[in-house]
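Asker: predicted coordinates and the sequence they were generated for:
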Amino acid sequence: MPILRCDGTTACKTIGHAISPAHSGDSIMVATATYSENLTIAVSLNVIGAGATTTIIDGGAVGTVVTISDASATVTLSKLTIQNGSAQYGGGINDRGEIAGWSYDPSTGNGPGS
């Protein structure tokens, strides 16, 4: 499975920017940082952080942090912390597809249904 780079040599600046050109089966390696993003994933992907305590996706309390929008998508999230989601259902993750792997610190600060 290929590791995605935005232009072939340079890493993407945001996780969303890496997801946009991704193809089913790709892996996105996420560097240590706090990413203020709300992501939608519509293809089968592996999203792999550098470590759950150092790789954080922060939804800013403005919606679901990670939405898996396609019922046929299988997504693996690992070595990540997902925090500050806010939604009636699925504040941290709204999964319409399948979570194949789940390896991160418990999501924190997410609204109802997180």
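Answerer: Perfect, thanks for sending it.

Asker: low pLDDT regions in the protein?
Answerer: The model of the chain has pLDDT under 70 over residues 1-9, 97-114.

Asker: which strand runs longest in it?
Answerer: Determined from DSSP state E, the single longest strand within the chain is strand 74-83.

Asker: list the buried ones in stretch 61-71?
Answerer: By 16 or more other Cβ atoms under 10 Å, the buried positions in stretch 61-71 come out as 64, 65, 66, 67, 68, 70. In this view, the C-beta of every residue, glycine as well, is placed from N, C-alpha and C.

Asker: kindly apply the preceding question to stretch 15-26 instead.
Answerer: Going by 16+ other Cβ under 10 Å, stretch 15-26 has these buried residues: 15, 18, 19, 22, 26.

Asker: from those residues, which land in helices?
Answerer: 15, 18, 19 (DSSP state H).

Asker: for the residues you listed, give me JSON lines that also has distance to residue 49.
Answerer: Formatted as JSON lines, those follow (distance: Cβ to Cβ, whole Å):
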{"residue": "15", "distance to residue 49": "9"}
{"residue": "18", "distance to residue 49": "12"}
{"residue": "19", "distance to residue 49": "14"}
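
Asker: what sits against residue 23?
Answerer: residue 43 (Cβ atoms under 8 Å, 6 or more residues apart in numbering).

Asker: for residue 42, see how far away it is.
Answerer: 11 Å (Cβ to Cβ, to the nearest Å).

Asker: and residue 34, by the same measure?
Answerer: Residue 34 sits 24 Å away from residue 42, going by Cβ to Cβ.

Asker: for residue 81, same thing?
Answerer: Taking Cβ to Cβ, one finds residue 81 at 23 Å from residue 42.

Asker: more neighbours: those two, which one.
Answerer: Applying other Cβ atoms under 10 Å to residue 81 and residue 42 shows that residue 81 carries more neighbours, namely 22 against 17.

Asker: tell me the centre residue of this structure?
Answerer: residue 66 (5.3 Å; Cα atoms, centre = their mean).

Asker: which residues touch that one?
Answerer: So residue 66 contacts 38, 39, 41, 57, 77, 82, 92, 93, 94 (Cβ under 8 Å, 6+ apart).
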